[in-house]
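Colleague: Okay, structure incoming, though there's no sequence with it:
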């Protein structure tokens, strides 16, 4: 009886076991209120203030495992990059930039056929922010937190096992207060609040994926 069960399960495992790898680049249309207000109230000239929603670049890599005909697990690494530069009254340059590392574990519902594969799902993961601010001297700040996301990916066959990937996602990332090695925090001079990188964003990406 055990042999029969193993014989039945083995072909099913081979039928559904499929890996895919993807690389993509895109744009996040995002709002980071504390970050925006800090820049606008303290450094930005009237003609170059940040809007409620702005854009940032993202790079994404993902590996996925098709556990069944319609369910896939994915491990994603996404990197968001943003920066702002302006001249300040002292005649120097004010510069602030950050990287947000966004690894996530994602569960997908999959619809696949000859030459196409659609994935819809959601997940969560840790968030690691690294920010540099230059006001005469450069200071580095870090913050950690977590994030949630909802994703939809469309894969269309390009050639052999290579597919064109177009994806859309909605994210909510929460970080703690930005802190330097010495314990210094970034404080908004206007309201005395410490700055974080809490962000809500909608992202669009384009890339390639390899399925086998």
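Modeller: Everything's here; your move. Predicted model, so just to flag it, every value in this text is computed and none were measured.

Colleague: so where do the helices sit in the chain?
Modeller: Under the criterion DSSP state H, helices of the chain are mapped to 2-16, 33-42.

Colleague: Which of those helices has the lowest mean pLDDT?
Modeller: Comparing mean pLDDT across the helices of the chain, the lowest value falls on helix 2-16: a mean of 41.

Colleague: Check this structure for its longest strand and report it.
Modeller: strand 137-159 (DSSP state E).

Colleague: average pLDDT for it?
Modeller: For strand 137-159, mean pLDDT rounds to 97.

Colleague: which helices and strands does that strand pack with?
Modeller: strand 93-113, strand 116-135, strand 162-175, strand 199-211 (3 or more CB pairs under 8 Å, 6 or more residues apart in numbering; DSSP states H and E). No exception for glycine: its C-beta is placed from N, CA and C like everyone else's.

Colleague: Okay, now the unreliable bits of the protein?
Modeller: 1-17, 90-91 (pLDDT under 70).

Colleague: repeat that for 50
Modeller: 1-15, 17 (pLDDT under 50).

Colleague: center of it, which residue is that?
Modeller: residue 78 (4.0 Å; CA atoms, centre = their mean).

Colleague: if I read this right, residue 92 contacts residue 136, doesn't it?
Modeller: Yes: checked against CB atoms under 8 Å, the pair residue 92 and residue 136 is within contact range at 6.0 Å.

Colleague: Show me the beta-bridge partners of the closest residue in space to residue 158 that isn't next to it in sequence.
Modeller: Nearest-residue entry for residue 158: residue 164, 5.2 Å, with adjacent residues in sequence omitted and distances by CB to CB, 6 or more residues apart in numbering. Beta-bridge pairing of residue 164 under DSSP bridges involves residue 156, residue 208.

Colleague: Dump the helices and strands packed on strand 137-159 into JSON lines; add mean neighbour count and distance to residue 69 as well.
Modeller: Formatted as JSON lines, those follow (neighbours: other CB atoms under 10 Å; distance: least, CB to CB, whole Å):
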{"stretch": "strand 93-113", "mean neighbour count": "17", "distance to residue 69": "8"}
{"stretch": "strand 116-135", "mean neighbour count": "18", "distance to residue 69": "12"}
{"stretch": "strand 162-175", "mean neighbour count": "19", "distance to residue 69": "18"}
{"stretch": "strand 199-211", "mean neighbour count": "19", "distance to residue 69": "14"}
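
Colleague: and of these, who's closest to residue 52?
Modeller: strand 199-211 (10.9 Å; CB to CB).

Colleague: between the closest one and strand 116-135, how many degrees?
Modeller: 130 degrees (axes from the mean of the first three to the mean of the last three CA atoms, to 10 degrees).

Colleague: Who are the contact partners of the closest residue to residue 29 other than its chain neighbours?
Modeller: Spatially, and ignoring its direct neighbours in sequence, residue 29 is nearest to residue 202 (4.9 Å; CB to CB, 6+ apart). With CB atoms under 8 Å, 6 or more residues apart in numbering as the criterion, the residues that contact residue 202 are 28-30, 168-171.

Colleague: No more questions from me, cheers.
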